[in-house]
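A.B. asks: Here is my input, please return the structure:
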Amino acid sequence: RHRRSTCICMTGEHNSSQTCVVCFKRIKRPKAKRFLRGKWRWVSVHGASVCMNPLCPSYQNGTNTQNRNVQAAFAIALSVYFA
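C.D. replies: Residues are numbered from 1 along each chain as shown. Modelled structure (predicted):
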């Protein structure tokens, strides 16, 4: 019954977790300094992404750190909405 009134779109998830959903520029994975195995090491912070574009509105508002999974899902939803 639902397939009669539902639109289905196929979208790839390529770069969806690596693109800022506000300014559409490439994002970075933050690193933290941790003491591991007797030495201080730089390790990736899992589950976070940061937009470092100074012209991005989220960067200017101080909300440029986002959850990677939520951001990827939002990017896929945007690509379907504007397709």
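A.B. asks: from here on, contacts and neighbour counts on C-alpha atoms
C.D. replies: Will do.
A.B. asks: distance between the lengthiest helix in the chain and the chain's centre?
C.D. replies: Ranked by residue count under DSSP state H, the longest helix found in the chain is helix 68-81. Distance of helix 68-81 from the chain centroid (C-alpha atoms, centre = their mean, to the nearest Å) equals 8 Å.
A.B. asks: again, but for stretch 39-48
C.D. replies: Centre-to-centre, stretch 39-48 and its host chain are 17 Å apart (C-alpha atoms, centre = their mean).
A.B. asks: all helices of the chain, in order?
C.D. replies: According to DSSP H, the helices that the chain contains are 57-61, 68-81.
A.B. asks: Pull out the buried residues from the lowest-mean-pLDDT helix or strand in the chain.
C.D. replies: Within the chain, no helix or strand scores below helix 68-81, which has a mean of 82 by mean pLDDT, DSSP states H and E. Along helix 68-81, these residues count as buried under the neighbour rule (16 or more other C-alpha atoms under 10 Å): Arg68, Gln71, Ala72, Phe74, Ala75, Ile76, Ser79.
A.B. asks: Repeat that for stretch 24-40.
C.D. replies: Buried, per 16+ other C-alpha under 10 Å, within stretch 24-40: Arg26, Ile27, Pro30.
A.B. asks: from these, which single one is nearest Met52?
C.D. replies: The nearest member of the buried residues of stretch 24-40 to Met52, counting by C-alpha to C-alpha, is Ile27 at 6.7 Å.
A.B. asks: Give me the pLDDT value at the residue nearest to the closest one when sequence neighbours are not counted.
C.D. replies: Nearest non-adjacent residue to Ile27, counting by C-alpha to C-alpha, 6 or more residues apart in numbering: Cys51, 4.7 Å away. Cys51 carries a pLDDT score of 91 in this model.
A.B. asks: cool, and Val43?
C.D. replies: In this prediction Val43 is given a pLDDT of 91.
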